[in-house]
Structures are given as structure tokens and as C-alpha cells.
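**Q** Can you look at this prediction? I've put the sequence above it.
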Amino acid sequence: MSTLFDLPPDQGSHADLTGDLNPAQRAAVEHAGVPLLVVAGAGSGKTRVLTRRIAYLLAARSAHPGQIMAITFTNKAAAEMRERVGELVGRRSGAMWVSTFHSMCVRVLRREAKTLEMSSNFSIYDADDARRLLTLVARDLDLDSKRYQPRALAAHISNLKNELIDSESAGSHATNDFERRAAEVYVEYQRRLSQANAMDFDDLIMRTVELFQVFPDVAEYYRRRFRHVLVDEYQDTNHAQYTLVRELVGREPTESGVEPAELCVVGDADQSIYAFRGATIRNIEEFERDFPDARTILLEQNYRSTQTILSAANAVISRNPNRRDKRLWTSEGDGEKVVGYVADNEHDEAAFVAGEIDELVDQGVAKYSDVAVFYRTNNQSRVFEEIFIRLGLPYRVVGGVRFYERKEVRDALAYLRVLANPDDTVSLRRILNVPKRGIGDRAEACVATHAERERISFVSALRDAVADKVPMLNPRSRKAITAFVELLDGLYELVDSGVEVADILEAVLDRTGYRAELDASDDPQDASRLENLDELVTVAREFTESAAEAAALAPEPDADEEPDGGVPEPGSLPAFLERVSLVADADSIPESDGGDADDDEEADDAGVVTLMTVHTAKGLEYPVVFGTGWEDGVFPHLRALGEPKELAEERRLAYVAITRARERLYVSRALVRTQWGQPAANPASRFLDEIPAELIDWRREAPSSGGGGSPRAATTWGGRPGTGSDSAQSRIASGGMRTTGFKGAGNDWKDTVALKLDAGDRVNHDKYGLGTVVSTDGSGPRATATIDFGTAGTVRLMLIGSVPMVKL
DNA sequence: CACCCCTGTATTTTT
DNA sequence: TACAGGGGTG
């Protein structure tokens, strides 16, 4: 396939790049010069504009790929952009920097580590590591762990860093007792980070800003190099990221005459849903003030949804105060009405959703992969999982406890991090006694005190312990520590011998006894932990392989591309660690668009239904969307009800939820919902009332208020006469699910058969107990078994993912 | 030092 | 309901 870039650059128009765009899109692609803000409503072709713009810069404006920096928030977005630009311009896209804010900063910081007088192999601490370190610090400062919870301290310090307030000046910004003590914690926290040769996520941004501000020549180097800076999801930038962009681009020519780079930011204030993480909508709202000569282009034409869906979205979002008006429209027609449903409780709601999906698939209206179910908080996924399992609907939950946040995965990675950076004290202390090897709190404290007193690193203190130079340490602990140090030394030798990452990992799991311990356990959760570790080994294996492949077919390094000093060797242990620290596993979201080439297997019921929070859904789209739990106190969340600002953010969240839908949108709520064990009656979400009544077709409404009071117990499937068997099935399902306790329904369904069963097999299920397999059906991801659990009933279960059941 | 039981607590979470 | 962290005991 020939790429558009092969077109002769100066033959008049570049119609291939702009011909199929609407006028606003084309203007955004062709704009040159002053800073550009593209206000891109949901589904308005934002990624298209960005990628075309990059291709256009190369083709029509003779930019060099090496001059382009495109910044996103997620690796997934970065990968997608790189791929789509690659389709347009070919291999030359390799010379561009297309990355997330964080990995871009890591790349810069590793290159410039010397300037900042630090080592380029620094560890990257995520939220969990940061909290661990804060726990240690707070304990050392004798702070009351109730009043000064690591969580709260972490949040506060993170906010300070997002505002570019460093530890020295934090004290003067403190307005109350908590903040004053937190400022002290901050100082010590930074000291310990630097001692551990580590940075947290916020440091990556802040230190890069600092680098640019303190060393103008460094800033100038990057400005000279990157003449075009593009930022995606600009509404989600925080103050530090905004400043970073500004420093990168520059406001006026440098002394040696480097002009500011050309800036293009794309975003949608209405989709700003990360204020709680420090994102400030101000950045997009005030863009024209920050860059006075800026131009703004609005993209309002939507290519995703029906007009009905857009009208619902417009109606809801327009209730937000102080908002720049923007109305999405489509030329594609009204489509179906929004379907509403008022359920008696969350089980009924889930039954409705499941029944509806079943029917849509039966009728050939949609396939499973066309459908997404959204909820406000992760714990709401459970009722859906329960009923989907019972009905045999294939599904997958995205989010929740993510792969790299699982304890066993983090333990394993902590070993690798210690191997890559022995000063990484947080990781070292994490694994010190994992698996249990007789080094308890007492011994750890002795070593820590010794390290502190002698001003040496924790590893050195451990070695002192081996040499019996640590006071107060009992011989038993000393012996345990000696064994541990020897274990580490063995692993260091392995690393030095240049063995590949996966093999190091295997050695860690074997030599520490970690795997053996899990193997020996009969806890079913430990079995899934083992699987996760195997998965991690596979990830490492593939990492090395793909690095080798990339090296094999790498193009000649660009002439004006300097080698990246300090950047880890591809495929190496540090490179692997960098990858896993800066990657979330959002890539696991299944493709939903039926238009793609490799989709022609079973047409009707292919794929799986996707379940996720609304936050996770941002940026995705599905033909059929179920928005669930639309109740005041749930969505909008209870904690937002009294706060206008938070309520506005919840409304944006509702807007995001609605605009994910292409053809069909369902909204539902439950009259009563069990939260934290207690049933609570919640009123309808105010957002439901904000959708114009004529757009909604209510399948079932609330019992007329006034008398009555208590909600009816029986579910009446209003408006759907003649589908009695369907509702009966659903009623059984919801009725039988009252007692919960289903555990281990993992979040990462792998489409593998976890259990091979045949009729007659005996099984033990976590919830239903002992049973006999009556029959089996289907294969692969859709394998199910009908099992007689005696008094617990006969149930059809899916066999994919982590089935909470063992074969006897 | 390890284990067990108790209690308190409970959004969303791109990196 | 579920989990993590604290405190007590073996």
C-alpha cells in the first residue's frame, strides 16, 4: 500500500489528506502559525484531525518527522496515534516522539540525568510505592496514623506537585495543621525518594519542568528540535503539564533566535472528568488567555451517534454553569429512542440489562462485542457478573484491580526493581520478608535505624547485618538476613551474566520460593496468583522478543538523531521495568467496531459484552450502551451532591457516558440498592430528569408515588407483553442471586477455558458447593456446563476466566 | 516472629 | 460485603 507521503510534496493540493474532512476539520489540519485550540466534541473526529494534521505537516509543510512531538495521556492513545500516522506517512513516523506525558518526561530525564545530578537508572514509583514510602516516613515522624493517613498525605503532596510547589516551599503554603505537618512529610519524602534513586509519577513532570526552567540551554535544545507540539485531551492536563507544554513550546524567541514551536492542542472541556486527579479545566477554558494570539476551532459535527443520543447529551451537559456552548449534531438522523428502565433493585436492573442484551443478540440487532455496560463505581460490576454468568452471557470486566496492581505481580516486580536499582529501598523493604523468611518488623527496624544512623543505604545496612555490625539484631534474624543477601547476590550474578528478563523473573520466582509457596497452597486465589505470575513471565518473554525484532528491522538511525544517552538498552531489565511502570493495561479493552476486517467469524454472537466504569469508557464507543445506576447518590455520586463543582464533573461524566453510544442508549436505575450491606432507597438521578422526556421510551417506570411507600416486590415487565418466558428466566436469575459471596470473579478474563469438564464430573464450587456436571455446551470462550448442585439447584455456568470452582 | 481476630472504612484513577 | 491495618497471643 503506498502511503500518502509518497505524493510529491509540492503539487498543489493535498486533497488526499483533507478532501474527506469537513470545513472545520480541514481548517484545523491546515492551520499554520499561531497556537491552535481544537475544541473537539465527542465523536467529532478528533484523532482523525490530529493524525491528518501530522501527516499534513510532513507532506505540505515540509516538516521533518523528528520535529514532531505528540503528547497523549495513555499509552493506548499514543499507540493508536502512532499507528494511524504510520498508515499515512509510513516508516518515517518512527522518528517522531509520540508518547504520554510521563514517558516523554522519563525519556528527557534519563537523557539529562547528569544535568540534574542524578543517576539515569532511577526507579519510578507509582501510587502504591508512594503510599508505602509515606507510611514509613509518617511513622518515622511519629505522626498519628489516623489523622495523617498515607492516602491523604499522598493526595496532598500530589496536589502540591501538580501545582509545582516543591517540598521547600510547601510549608509556606500550608493553611492548617494537616498541611503544615504534610509539608514536613513532603520534605522527608523527597529526601527518601532521592536516597532511593526514585521518582514518583508527579516528579516526572515536575522535575522536567524544573529542568527546562533552571537550564534554559536544555530547554532550548528541545525547542530547537521539536518545532511542532501537539497535545491530545488537553482538558485533562494539570498545572504542571500545562507549564511543561508552555516551556517546551516557548513564548518568545530565545536569545539565540529559536522561535516558539507551533502548538496545537485538542480537547473538550465537557469531557473533563479527572479534576480529582489534578486536571484543571481552566487550561482549556483559558487557552486564549494563556496564548493571547491563539486561534480556536470548534468541531461540533458528530460522526458517531444518532441525533437522539446527541440531543440527550446536549440537554444534560447544557445544565452545567459557565460553560462555553457547544451543540453536537449529526446528519445521520434520529435513530432509536433512549430506553429507560426503573428496576426494583440492582438485581432486577442487572436482569433487565442481561435480558435485553440476550434479545438484541437473538434478533441479530447486535453482537455481544457491540454492547457495553457502564456504572459509576467498580463494585457495581458484581451484580452484572453474577447474572451474566448464570445466563451464560460472555462478558469481560475492564478495570478494577489491574494486573500490575496485583500483590503478587508487584512483589515480583519489586524483586526486579531491586535488581535494577539496589538503592530502591521501598521495593527492597517490600520483598525483604516476602515470602516469609524470618525477617520481621523488629529486624527490619534495626537495619533501618542502622542505615539512618550511619547514613548508608538500606542494602549496605543489610550487608552490615551480615557482618554483624548492626546493633540489637538477634542472631536468628542475622542468619535470615544473610540468607536473603546471598539470594540477592545470586540474582545479581544472573543479571550481570546478561540473561534475558523472563529468565531472571523465573529465577526470582523459583529461588525465593514464591512460586513454591503458591503451589503448595490450596486457596483458589493462590492458583489465580500463579496464573498472573505466569502471565508476567509471558509479558517479559514477549517484551524481549519484540525488542529483538525491532532491533532487527530498525531503520538506520536518523542522521540528526543523537543517541539517547541514559536511555535503557532495548529489551533490557531497566527497559522492561520502565515499560511496566508506565503502562496501564487499558489495552485489554476488546475492539468493538464491527467494521474491521478480521471480524467475519460467527456474525451474530461474536465477542463479549464489556463492563466498565464510565471513567474507563472515555474515548471508547459502542453501538449499544447501557448506562446503569442513574440514581442520586450513586450517579451523581453521594459525595458530589453538595458540591457544585463536583456535581458539574459528575454531569460531564454523564455526558461522557451518553456520548459513547452509537445507536442505542439505555438508562436505568434501581429503586433500592444494597450498598455496604444496607439497602438504601435512592431517588432518580437528576441527570435522568435532564434528558427531555420525549427522547426516552420508558420500558418500566417507578410505581406512582403518593401512597404505597414500599416498592413492589414483584417485578413486572411492563411494556413487553408476550415475552413471558424471557422475564421468567430473568426473574429466577435475579431472585436466586440475593445471597452474594461470589468471589474471585477476576477482572481480567482471559478467553481461555479454565476448566475442562465432561458430563458426570464432580465439582466443588465456591458458592454452590458440590455438584455433578449434567451436560456441557459450546467450546473455547463460550464453553458452558450445566451442573446439578443438589439443593443449591441446577445452574448453567460459563467456564472462561477464573471460575470459582474446582474439578474433583 | 507469625498468625489470628478484630475493627474501621468505603468514588472515579489515563501515568 | 470486602479488605487492610492494628493489636493481641502463641
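**A** Good, I have the coordinates.
**Q** what about the closest residue in space to A:Asn378 that isn't next to it in sequence, distance to A:Ser381?
**A** Of all residues not flanking A:Asn378 in the chain, A:Gly400 sits nearest, at 5.0 Å (Cβ to Cβ, 6 or more residues apart in numbering). Where you see a C-beta, it was placed from the backbone N, CA and C, and this is true even at glycine. Computed as Cβ to Cβ, to the nearest Å, the A:Gly400 to A:Ser381 distance reads 7 Å.
**Q** Could you do A:Leu244 as well?
**A** Going from A:Leu244 to A:Ser381 by Cβ to Cβ gives 35 Å.
**Q** Equivalent analysis for A:His450, please.
**A** Taking Cβ to Cβ, one finds A:His450 at 47 Å from A:Ser381.
**Q** Between the two, which has more neighbouring residues?
**A** The residue with more neighbours, out of A:His450 and A:Ser381, is A:Ser381; 24 against 21, by other Cβ atoms under 10 Å.
**Q** what's the offset of the strand or helix carrying that one from the middle of its chain?
**A** Per DSSP states H and E, A:Ser381 falls inside helix A:381-391. Centroid displacement of helix A:381-391 relative to its chain, using Cα atoms, centre = their mean, to the nearest Å, is 23 Å.
**Q** same question, stretch A:319-332
**A** For stretch A:319-332, the distance to the chain centre is 27 Å (Cα atoms, centre = their mean).
**Q** what do you get for stretch A:361-381?
**A** Its chain's C-alpha centre lies 19 Å from the corresponding centre of stretch A:361-381 when counted by Cα atoms, centre = their mean.
**Q** Same question for stretch A:349-363.
**A** Chain-centre distance of stretch A:349-363: 28 Å, with Cα atoms, centre = their mean.
**Q** Ok, stretch A:147-156 next?
**A** Taking Cα atoms, centre = their mean, one finds stretch A:147-156 lying 22 Å from the centre of the chain it belongs to.
**Q** Residues contacting it, please?
**A** With Cβ atoms under 8 Å, 6 or more residues apart in numbering as the contact definition, stretch A:147-156 has outside contacts at A:Ala127, A:Ala130, A:Arg131, A:Arg132, A:Leu134, A:Thr135, A:Ala138, A:Phe178, A:Glu179, A:Arg181, A:Ala182, A:Val185.
**Q** Is DNA strand C within reach of the helix holding A:Ser381?
**A** No - using Cβ under 7 Å from any atom of the strand, helix A:381-391 stays clear of DNA strand C, with a minimum separation of 7.5 Å.
**Q** So that helix, near DNA strand B or not?
**A** No - if you take Cβ under 7 Å from any atom of the strand as the test, helix A:381-391 misses DNA strand B, and the best it gets is 9.5 Å.
**Q** after that helix comes which helix or strand?
**A** Moving toward the C-terminus from helix A:381-391, the next helix or strand (DSSP H and E) is strand A:395-397.
**Q** Could you list every helix and strand in contact with that following strand?
**A** helix A:381-391, strand A:609-613 (3 or more Cβ pairs under 8 Å, 6 or more residues apart in numbering; DSSP states H and E).
**Q** Now do stretch A:460-478: distance from first to last residue.
**A** Stretch A:460-478 has its terminal residues 14 Å apart, counting by Cα to Cα, to the nearest Å.
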